[in-house]
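Novice: what follows is a protein structure lacking sequence information:
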């Protein structure tokens, strides 16, 4: 047999820009999203939500509503069956919001569910919900940390107790006080809502009283299963959660929210499958948001611009019960070589639902502060923005003292500058005009950590040369189906169309959800581990099979690459996995495995180089490293000096993120990150009325996300990067990376265009005009 | 949304009579505003009378000017060669509005009856004097960034008409043809069609309950031809105007002979700037003249906490639009 030329092998598809395998199903409508699934007997649920933000329900009159034809149940706090536990009592699967509405007459936030109508049709349920009369005793609500009634407090811990509210490294105050250059600035971030195209939806199907299937728009089916089992007091095996397709989530579908359990409880009560989808308006008060916040960053530097101290504080709004706030400080702690650092979080309770992670939580607003201040520092010193970053380049992670597992940031700066034509930038602000427009160029750094994770996968290779690969992961629409098909194809030496990759079901092996950029790295390595289990079994078959070229070989002398087994010392001697399996008479063979992302390193089987190291050593080695993706954004803006409008006219993003599984889907994801960041930079803002603590722009006509006309051509490149510590395939996550630093890159370009520093997001025309009125 | 009945009218008289006889009824053409408001329970109609089969069609030049049937679609009118060539600001105001899908659905008659985008009006959880007279106006001390600064009252500061087309129509002295249940027609200039909020913000136009808009007629002038609609908004497309300007000029030998000026996004109704027009006529077509006119146009503006920027933005928008038209 010929030795396969690896580069040209038909199965060497990892990295190739393979078209989405789920594309045809999506464009033909064959793909069913959660709210599109129906089982026989499905009926419809509609939520009625609170009009006030604080107080109590004085009365609920359902008499008119219950006379509508087709009504199966109207549930309020008075008659909704109680769950076995409340979210607050569940430690392991802690929901973002510990408070569950409809348990008593209390109202704690506007838009809180107060009733759930179940009817034969969506129309009947909608009509009945409108006919329910709720009267309230309203109290004056607190709307935000800026409310005079609000009291800032020290939460000690943030992130549901998982992260410290105070972090100090070195002696930041003293270092700042003694610094040659001191820079202090406050940055404001508006409330943002995730606003995926697909609203959150639940279809709850009970089979008897003790078996439940839920079709949920979930970024993490295991998390939804765990929460539901605990809330209902059921064994996890009796609860199945299915999510085959998600129309975007950006974090809001990665936690457990009230509508899911309310629908499940109502379905059990009416003994019918109940489907409930949040309306667009309810999406603003049903699945969390990015909280309103301000950060102050004090930056001390030497006369040459080397950072000596970063002192960061953050104030933000949180809910009446939970201490959630994005951990903005982490990126400020690790991005540069700075010996002294501190961060302190202060929160204020207001009558809002608990906020939650939203794409690049912490890193996105944190990098806005850090990368804007760095731009100021460069301008103050009269040096190039890239130069200031190189002077402070972190050769290791100063937040923990560890070496990087890999870092290609210098290459990203260099390549990005080349692609953009950065050398042609005029460093003098306000000097560059194109017709009436002020033109500016800005850049910023992107980074995102590797959050350690692990998961399992199952590989079933059939003797006829196809395979079914399974992991209970999810696909946000970013390409999990596609990239895992590619990984499986190469692991088994099959063309991608001979692979069926299944995800999104708790019956499948447990995988992490899509969140924190962990899915690609974890699921890819778990598939590799499961494939290796198959290899091991087939190699055993082959060496015992007289007809195999590997007959009587020692398994340790056999290597497997792209689905072909061969002798390490004589690569011509070998055969494919499928050939050996086919001769065995066994119809199929199954393997499973656990993959780790960031936390350790799996044993590479059949690799003599790796075989000498045991996995404990590798775990130790991996945990001795700090793992992050890095990148650089370059952007051009045009600012209309009379009208205050800012348009992004050019964008270049260059990133180093380990092995890129699919150049096309990865580029799309990085473009999407830039677009999401441009949205937060220029237009995304939810307004919460100060007197009513209620949003005034809960729809997609008033809450502006970028449209095509706002987005220029975006150029994305990845620099080649091999990371030996992350996982078997060297995959780093990219879901969040593309958004981190985007707002700062835009603000830095606006500064270059106008000489005005914009520190409040979004940078809407009114703010720009006001800044232009003041002297530069 | 509540349950409602749906009827299709093939004669104007059937439609207007049905509306006269049923106080809960509403006409529906494109439905792009109406259905939204019904879904939000802001409007609750027992009956929808579909008027799409009525013969209120056609785009043609008449002795009174360009006559556009009320049931013509925004996209068709915006792209019509007569409109593009002779009524530039009308075409631009249509094509810069909404999205392609909405423009394909929305009718001209429905467009001039658009209702405000004020967040308090559109959410029944809030008080709103326009929606529930006497209940109050939280916008005064709340989210007023995109609300009006001219023609407002203590009862209402909404930009009652949030769109674009009517700003151009009011600038060009367009006239609506209305027909009632008796089959009688009357002509109402756009400048007399809208009502300021005063103490009755729920009354937005002079349209009677049994009246339908049949057509709009725009006089043909040099100022209609040499004109521009400039729209400033938070994103590049598919957004309501923060501020917009519809301007037309007749300039001879560098001197303004005639001017048409209206503003969108700043007035309690589409805002015709008669004083600014007067001040422009007879003056040299220079930026200094335009700046002075812009200041006059915004005289008497009453901005609130979040919309003070509109004064300067509207002035700059007017100066930009006038300068560009003069230079064209």
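Specialist: Everything's here; your move. As the structure is a prediction and not an experimental result, all values here were calculated from the model.

Novice: for the stretch 501-650 of chain A, what lies in contact range of chain B?
Specialist: A:642-645, A:647 (Cβ under 8 Å from any Cβ of the partner chain). Every C-beta, even on glycine, is put in place using the N, C-alpha and C of the backbone.

Novice: most neighbours among those residues, please name it.
Specialist: Within those, residue A:644 tops the neighbour count with 24 neighbours, counted by other Cβ atoms under 10 Å in any protein chain shown.

Novice: in contact with that residue, which residues?
Specialist: Going by Cβ atoms under 8 Å, 6 or more residues apart in numbering or on different chains, residue A:644 touches A:764-769, A:772, B:232, B:309, B:313.

Novice: count the neighbours of residue 219 for me.
Specialist: All of this refers to chain A. Residue A:219, neighbours per other Cβ under 10 Å, totals 27.

Novice: chain B is the one I meant
Specialist: By other Cβ under 10 Å, neighbour count at residue B:219 equals 14.

Novice: same check, this time on the one 4 residues further on
Specialist: Residue neighbour count, defined by other Cβ under 10 Å, stands at 25 for residue B:223.

Novice: go on, the one 3 residues further on?
Specialist: Other residues near residue B:226 come to 19 when the count uses other Cβ under 10 Å.

Novice: please apply the same query to residue B:209.
Specialist: A count of nearby residues for residue B:209, using other Cβ under 10 Å, gives 12.

Novice: next one, pLDDT for it please.
Specialist: Reading off the confidence values, residue B:209 has pLDDT 96.

Novice: contact partners for it?
Specialist: Applying Cβ under 8 Å, 6+ apart, the residues contacting residue B:209 are B:19-20, B:23.

Novice: what of residue B:49?
Specialist: Contacts of residue B:49 by Cβ under 8 Å, 6+ apart are B:7-9, B:15, B:18-19, B:25-28.

Novice: cutoff 6 Å now
Specialist: B:7, B:9, B:15, B:18-19, B:25, B:27 (Cβ atoms under 6 Å, 6 or more residues apart in numbering or on different chains).

Novice: what residues does the stretch 1-150 of chain A put near chain B?
Specialist: A:51, A:126-127, A:130 (Cβ under 6 Å from any Cβ of the partner chain).

Novice: which of those residues sits closest to chain B?
Specialist: Among those, residue A:51 lies closest to chain B (Cβ to the nearest Cβ), at 3.4 Å.

Novice: number of nearby residues for the closest one?
Specialist: Neighbour count of residue A:51, defined by other Cβ under 10 Å: 19.

Novice: separation between it and residue A:57?
Specialist: 11 Å (Cβ to Cβ, to the nearest Å).

Novice: quick one, helices of the stretch 201-328 of chain B?
Specialist: B:222-225, B:274-280, B:287-297, B:309-327 (DSSP state H, counting those that start in this stretch).

Novice: JSON lines for the residues of the stretch 501-650 of chain A next to chain B, including distance to residue A:449, pLDDT and secondary structure?
Specialist: What follows is those, written out as JSON lines (distance: Cβ to Cβ, whole Å; pLDDT from 0 to 100; DSSP: H, G, I helix; E, B strand; the rest coil):
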{"residue": "A:642", "distance to residue A:449": "43", "pLDDT": "97", "secondary structure": "coil"}
{"residue": "A:643", "distance to residue A:449": "40", "pLDDT": "98", "secondary structure": "coil"}
{"residue": "A:644", "distance to residue A:449": "36", "pLDDT": "98", "secondary structure": "coil"}
{"residue": "A:645", "distance to residue A:449": "35", "pLDDT": "98", "secondary structure": "coil"}
{"residue": "A:647", "distance to residue A:449": "32", "pLDDT": "98", "secondary structure": "strand"}
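
Novice: for chain B, what's the nearest residue on the stretch 151-300 of chain A?
Specialist: Evaluated by Cβ to the nearest Cβ, the stretch 151-300 of chain A has residue A:281 as its residue closest to chain B, separated by 7.7 Å.

Novice: any chance you could map the strands in the stretch 101-250 of chain B?
Specialist: B:175-179, B:185-189, B:212-218, B:227-232, B:243-252 (DSSP state E, counting those that start in this stretch).

Novice: those: which one's closest to chain A?
Specialist: Among the strands of the stretch 101-250 of chain B, strand B:227-232 sits nearest to chain A (Cβ to the nearest Cβ), with 5.0 Å.

Novice: direction included, what does that closest one pair against?
Specialist: Next to strand B:227-232 in the sheet, as set by DSSP bridges, lie strand B:243-252 (antiparallel).

Novice: what residues sit buried inside the partner strand?
Specialist: B:243-251 (16 or more other Cβ atoms under 10 Å in any protein chain shown).

Novice: which residues outside that strand are in contact with it?
Specialist: Contact with strand B:243-252 is made by B:89, B:167-168, B:171, B:222-224, B:226-232, B:257-266, B:285, B:310, B:313-314, B:317-318, B:321-322, B:325-326, as judged by Cβ under 6 Å, 6+ apart.

Novice: so residue B:296 is in contact with residue B:278, correct?
Specialist: No. Taking contacts as Cβ atoms under 6 Å, residue B:296 lies outside contact range of residue B:278: 8.5 Å.

Novice: which of those two has more residues huddled nearby?
Specialist: Using other Cβ under 10 Å, the more surrounded residue of residue B:296 and residue B:278 is residue B:296, with 20 against 13.

Novice: what distance do you get for the more buried one to residue B:163?
Specialist: Distance, residue B:296 to residue B:163, by Cβ to Cβ: 25 Å.

Novice: what pLDDT does the one residue sitting closest to the centre of chain A get?
Specialist: Centroid-nearest residue in chain A: residue A:515, 3.8 Å away (criterion: Cα atoms, centre = their mean). In this model, residue A:515 is scored at 89, pLDDT.

Novice: so who does it touch?
Specialist: Neighbouring residues of residue A:515 by Cβ under 6 Å, 6+ apart: A:219, A:254.

Novice: may I have the phi/psi pair for it?
Specialist: Residue A:515 adopts backbone torsions of phi -180, psi 150, taken as degrees, to the nearest 10.

Novice: against residue A:43, how distant is it?
Specialist: From residue A:515 to residue A:43 the distance is 31 Å (Cβ to Cβ).

Novice: and residue A:683, by the same measure?
Specialist: For residue A:683, the distance to residue A:43 (Cβ to Cβ) stands at 39 Å.

Novice: how about residue B:35?
Specialist: Taking Cβ to Cβ, one finds residue B:35 at 24 Å from residue A:43.

Novice: got it, and residue A:65?
Specialist: To residue A:43, residue A:65 is 15 Å away according to Cβ to Cβ.

Novice: also residue A:671?
Specialist: Residue A:671 is 41 Å from residue A:43, by Cβ to Cβ.
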